[in-house]
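Provided below for reference: sequence and predicted model.
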Amino acid sequence: MARVPYLSRDDLAPDKRDLYDEIAGPRGHVARPFEAMLISPDVAASVAVVGEQLRYVSASISAEVREIVTLTTARRLRCQYLWTHHWASAAEAGVREEVRAAIRDESPTNRLQPREGVWRKDEFASRLGADTCQ
């Protein structure tokens, strides 16, 4: 059961529906987390802009590294939605099955290429804390 309602475009005030369309734009849809955030449409749109910069605009982070970091974050925070959603995205971005399995199982990375082991460097993900994303 959702803690907040999932809102559709029709649930929004007419002057806020353009924000829904902006969120859907590059993604092709509005994912559940954004449907929940639409309780505050301006906040949802602001969060969406950050995601768009990281996922669709920024050339400074390769799709492969971005997805490795996303899977690592999802795994460490035990965020099943993010994990499930990005498992396929990681494969599409070229993240090998062996890398995804290493992240999933938190197994040794000695057989990974340096860029694939980015999620282990400096143990950045362990600093995320023990909170969950449920």
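The structure has been received and is ready for your questions. In this text, all values refer to a predicted model and were calculated from it rather than measured experimentally.

Please verify my assumption that Glu67 contacts Ser89.
Yes: the pair Glu67 and Ser89 passes the contact test of C-beta atoms under 8 Å, sitting 5.6 Å apart. For glycine as for every other residue, the C-beta is placed from the backbone atoms N, C-alpha and C.

more crowded one of those two?
For Glu67 versus Ser89, neighbours defined as other C-beta atoms under 10 Å are more numerous around Glu67 (25 against 15).

name the element the more buried one belongs to?
Using DSSP states H and E, Glu67 maps to helix 63-76.

Can you mark which positions in the next helix or strand after that helix are buried?
Tracing the chain C-terminally past helix 63-76 and defining elements by DSSP H and E, one meets helix 80-92 next. Of the residues in helix 80-92, those scored as buried under the neighbour-count criterion (16 or more other C-beta atoms under 10 Å) are 82-83, 86-87, 90.

Next: stretch 99-109.
Of the residues in stretch 99-109, those scored as buried under the neighbour-count criterion (16+ other C-beta under 10 Å) are 99-100, 102-103, 109.

hey, C-alpha coordinates of that stretch in PDB?
What follows is the C-alpha trace of stretch 99-109 in PDB, where atoms were taken according to Å, rounded to 0.1, in the frame of the first residue of the first chain:
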ATOM      1  CA  VAL A  99      29.300  -7.000 -13.000                       C
ATOM      2  CA  ARG A 100      25.600  -6.800 -12.200                       C
ATOM      3  CA  ALA A 101      25.900 -10.200 -10.300                       C
ATOM      4  CA  ALA A 102      28.900  -8.900  -8.400                       C
ATOM      5  CA  ILE A 103      26.900  -5.900  -7.200                       C
ATOM      6  CA  ARG A 104      23.900  -8.000  -6.400                       C
ATOM      7  CA  ASP A 105      25.900 -10.500  -4.400                       C
ATOM      8  CA  GLU A 106      28.400  -8.000  -3.100                       C
ATOM      9  CA  SER A 107      31.100 -10.400  -4.300                       C
ATOM     10  CA  PRO A 108      34.800  -9.800  -5.000                       C
ATOM     11  CA  THR A 109      35.700  -7.700  -8.000                       C
END
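
so how far is that stretch off the chain centroid?
From the chain centre to the centre of stretch 99-109 is a distance of 18 Å (C-alpha atoms, centre = their mean, to the nearest Å).
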